[in-house]
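Visitor: generate a structure from the sequence data that follows.
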Amino acid sequence: VKSDLPLIQDDDVFSHMIDEILSYDAEFVQLMPQLASAPRPVDVLSTNTELITRWIDVEHKHARLSMDTLIQSVEHWAQACSDRLASDFLELIQITTRRCRVLDAPTRLRFYHQQLRAIDDFQMRLTDVYRETNRTGGILITTDIQIITDFKDLRHSKQGWALDLFIVQNIEQKLNKMNK
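Guide: Next comes the predicted model:
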């Protein structure tokens, strides 16, 4: 895997391989907790900066594709689902958080920054939808309210993430002090 992973060109295959490594790593630690400090399958990823950068890029690409799918989905703009758009997008973003949990603090921080960029992109897309709705003269009060609600949900989530970033940065500082 260590030699093959950098050679994989297709993003979907690469992402699947990441999933397999993470899954195998979780099973490994669950079956043999005493080996958690030994070399693990996830080390193939965490020790290669190029793979981490590619993984972050693939996660961001998938987040943008998911964002487009959600925004274009008619059901998310139905009045009954007005609060679902932002929460569904944030749930997709949380998948990345769960996937990168086993990595070291500095690497997780890079993933958090990617996730915040994705949320910013989502806010821009919502702004575009709002402007387009109003530009065409089809001012839809329900759409405006839904967008405002989604912005409120995103703002609330980003405040929580700021706390997480603060915690990760503190962990990173402590690790740096310990390594000196």
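Visitor: count the residues that sit near the closest residue to Leu103 other than its chain neighbours.
Guide: Excluding the flanking residues, the one nearest Leu103 by Cβ to Cβ, 6 or more residues apart in numbering is Ser46, at 5.2 Å. Every C-beta, even on glycine, is put in place using the N, C-alpha and C of the backbone. When counting by other Cβ atoms under 10 Å, one arrives at 16 neighbours for Ser46.
Visitor: give the contact list for Ser46.
Guide: 52, 103-104, 107 (Cβ atoms under 8 Å, 6 or more residues apart in numbering).
Visitor: residues of stretch 85-105 that come out buried?
Guide: Across stretch 85-105, burial judged by 16 or more other Cβ atoms under 10 Å covers 85-86, 88-90, 92-93, 96, 99-100, 102-103, 105.
Visitor: looking at those, which one is closest to Leu35?
Guide: The closest of those to Leu35 turns out to be Val102 (Cβ to Cβ; 13.7 Å).
Visitor: what helix or strand is Tyr112 on?
Guide: helix 105-135 (DSSP states H and E).
Visitor: can you give me the buried ones in that helix?
Guide: Applying a neighbour-count criterion of 16+ other Cβ under 10 Å, the buried positions in helix 105-135 are 105, 107-112, 114-115, 118-119, 122-123, 125-126, 129-130, 133.
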